[in-house]
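Asker: A structural model of the following input is requested.
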Amino acid sequence: MRNILTWTAAVVLLALSSPRAARAEPSGHVAPSFTVRGIDGRSLRFSDFKGRALILDFWATWCGPCRATIPHLNQLQERFAGQGLVVVGLSVDEEDAQSLRRFADRMGVKFRLGVADERVLDQYGPIRSIPTTFFISRRGTVLRRVVGYIDPETLEQYARELF
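Answerer: Okay, here's the model as predicted:
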């Protein structure tokens, strides 16, 4: 009996300590409109991207998987910009815009960044884990919501589905 309890505790502990794989959730609802503050100080509006495919990524500077995704999102922005793809990252950090700009410069971020407020978190939420990434069609429909790190191949596959 004691061995079973020890084994069960070890399995539970292992499950809790293992990195979670991304969980993709198909959607199909219209993406909520939003206006947030961009890290450049200007407003960043959902309506700015009307008619364009959009990858909307909720992230934070302290999140390892979020940081690991930045180069892949940069590549997608560059590769598919000509086809109308826009990548937007909304930070859930409580940092000021200047700190976020310094972080973005250090990391070489090449896509638009803004600061998520409570309203946008509620509209797209609940956002309980980051990164949480939305793939939004040119018509404004959420095709997929993914919670967790997305490997580069899968990220590109989901991006291609937007076209």
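
Asker: quick one: residues contacting V92.
Answerer: F58, W59, A60, A116, L121, I127, I130 (Cβ atoms under 8 Å, 6 or more residues apart in numbering). C-beta here means a position set from N, CA and C on the backbone, and glycine is covered the same way.

Asker: which of those residues sits closest to G89?
Answerer: Set against G89, the nearest of the contacts of V92 by Cβ to Cβ is W59 (5.4 Å).

Asker: surely the closest one and L73 touch.
Answerer: No. W59 is not in contact with L73 according to Cβ atoms under 8 Å; the separation is 9.1 Å.

Asker: which residues do those two both contact?
Answerer: G89.

Asker: next, give phi and psi for the residue nearest the centre of the chain.
Answerer: Centroid-nearest residue in the chain, with Cα atoms, centre = their mean: D57, separated by 2.2 Å. Dihedral angles phi and psi of D57 (degrees, to the nearest 10) take the values phi -120, psi 120.
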